[in-house]
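J.: Here is a sequence together with a model predicted from it:
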Amino acid sequence: MRLYRLSPDSLRFPPPTSALHDPNGLLAFGGDLSPERLLTAYHMGIFPWYSPGDAILWWSPDPRAVLYPEEFHISRSLKRFFRRSPFRVTLNQAFAEVIAACAERGMAGTWIGPEVELAYRRLHALGQAHSVEVWQGDELVGGMYGVSQGALFCGESMFSRRDNASKAALLTFCRFFRQQGGKLIDCQVLNSHTASLGAREIPRRDYLTLLSQLQPLTLAPDCWQPQTLSAVSVDSDPDRCE
């Protein structure tokens, strides 16, 4: 297998199955972050991930990390926290602020540079990228953003400025997404944080099959309109808890 250089004159990607094993999932480099190229990539199960200043790298790892919304895991301590949570959660009310906060969250090696911010803000303006915001009073304290693909949501990044704020974003979004007809959240690569919340790995071939099945499905009307989702509450929550 070899690493493909993308042509600036074509939106064509190599098949995800041709990605390298080491590093896992690296498929191609080059191209740009135009809305057309990004949407072509997500449609094929491919996403960009690279350090600012470097060539754009495109990935499709095997296995793939996913979260079924009904499998979101709430520990007893997290459930206790949410019972007295001060948070309010909204949808698509501060996309630019959320992606900027993800970029500046202070973690070494963050991949979200100005070029990436601009690209996903363009996708948001086209109704393809969405944000979840967590507020404490009038202060933005957490959130997440990603790209919609029918009944599948490709999560990109999240941030917290208060304890459990990003977990509040994901929990509330999981419930909302299920209610709207959503079936699966793509977490890309498993880490300890997403694993603790119920994400798991599946073979890339299974992910690509699910992607093709879920892309044509439509969610409830006005699903992505800016709105308040809820205050975080777990008292009537059917999700599993230990």
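T.: Here it is on my side, so go on.
J.: I'd like the distance between the residue nearest to the spatial centre of the chain and S10.
T.: Residue closest to the mean C-alpha point of the chain, counted by Cα atoms, centre = their mean, is G155 at 0.6 Å. As judged by Cβ to Cβ, to the nearest Å, G155 and S10 stand 28 Å apart. Where you see a C-beta, it was placed from the backbone N, CA and C, and this is true even at glycine.
J.: Skipping adjacent residues, who's closest to F29 in space?
T.: Residue nearest to F29 in three dimensions, not counting chain neighbours: A55, with 4.7 Å by Cβ to Cβ, 6 or more residues apart in numbering.
J.: quick one, longest strand in this structure?
T.: strand 139-149 (DSSP state E).
J.: Adjacent strands (with direction) for that one?
T.: Looking at strand 139-149 with DSSP bridges, its partner strands are strand 129-136 (antiparallel), strand 152-160 (antiparallel).
J.: So for S51, which of those strands sits nearest?
T.: strand 152-160 (14.3 Å; Cβ to Cβ).
J.: Would you tell me what the next helix or strand after that closest one is?
T.: Next in sequence after strand 152-160, counting helices and strands by DSSP states H and E, comes helix 165-179.
J.: Centre of the chain to that next one, how far?
T.: 12 Å (Cα atoms, centre = their mean, to the nearest Å).
J.: Same check on stretch 122-137?
T.: 11 Å.
J.: Span of that stretch from start to end?
T.: End-to-end distance for stretch 122-137, by Cα to Cα, to the nearest Å: 28 Å.
J.: which residues touch L3?
T.: L20, L26, L27, A28, F29 (Cβ atoms under 8 Å, 6 or more residues apart in numbering).
J.: before we move on, back to that, give the contact list for the residue nearest to the centre of the chain.
T.: Taking Cβ under 8 Å, 6+ apart, one finds L67, M144, G146, I185, D186, C187, Q188 in contact with G155.
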